[in-house]
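Student: here's a sequence, model it:
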Amino acid sequence: EVQLVESGGGLVQAGGSLRLSCAASGFTFDDYAIGWFRQAPGREREGVSCVSSSDGSTYYADSVKGRFTISSDNAKNTVYLQMNSLEPEDTAVYYCAADSDLCDRDWLNIATPTLEGQGTQVTVSS
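Tutor: Below you'll find the model as predicted:
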């Protein structure tokens, strides 16, 4: 079965850290960029970050730049999102997604990625 499975979400205090993982099964990362979107209640869906499988290039939303780091382990077919200095505004369901291997601002605006996981909840308390 072709799928993306997220893990690593949870409850953390403001200023804390979490690391999300996105494991792919049924396909390989080749020819795809992998990234993260988030959705908070009452707020628009937001593209957070992506990483290109071919050249490792990355892109971040301004809201997380300097705090979040995306990385990829192609041998494990897994992408990670290290989230530091978390703020209550980071509270959301985080979704891993796969789409065309061109990681840039437009990638973060993809409305319907080729493949998306079920999401993992991140809650940051103040």
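
Student: all strands for this structure, in order.
Tutor: Ranges of strands within the chain are 3-7, 10-13, 18-25, 32-39, 46-52, 58-60, 68-73, 78-83, 92-100, 115-116, 120-125, based on DSSP state E.

Student: would you agree residue 10 is in contact with residue 122?
Tutor: Yes - Residue 10 lies in contact with residue 122 (Cβ atoms under 8 Å); the separation is 7.1 Å. Backbone N, C-alpha and C define where each C-beta goes, glycine included.

Student: picking that back up, and the strands of the chain, which is most packed in?
Tutor: Of those, the one with the most neighbours on average (mean count of other Cβ atoms under 10 Å) is strand 32-39, at a mean of 24.

Student: just want the most central residue of this structure.
Tutor: Geometric centre of the chain, nearest residue: residue 36, 2.2 Å, by Cα atoms, centre = their mean.

Student: overlap in contacts of residue 10 and residue 122?
Tutor: Contact with both residue 10 and residue 122 is made by residues residue 18, according to Cβ atoms under 8 Å, 6 or more residues apart in numbering.

Student: what about residue 8, neighbour count?
Tutor: Burial of residue 8 is recorded as 16 neighbouring residues (other Cβ atoms under 10 Å).

Student: state the distance from it to residue 114.
Tutor: 22 Å (Cβ to Cβ, to the nearest Å).

Student: can you check residue 81 too?
Tutor: 19 Å.

Student: surely the residue nearest to the centre of the chain and residue 92 touch.
Tutor: No - counting by Cβ under 8 Å, residue 36 sits too far from residue 92 to count as a contact (10.1 Å).
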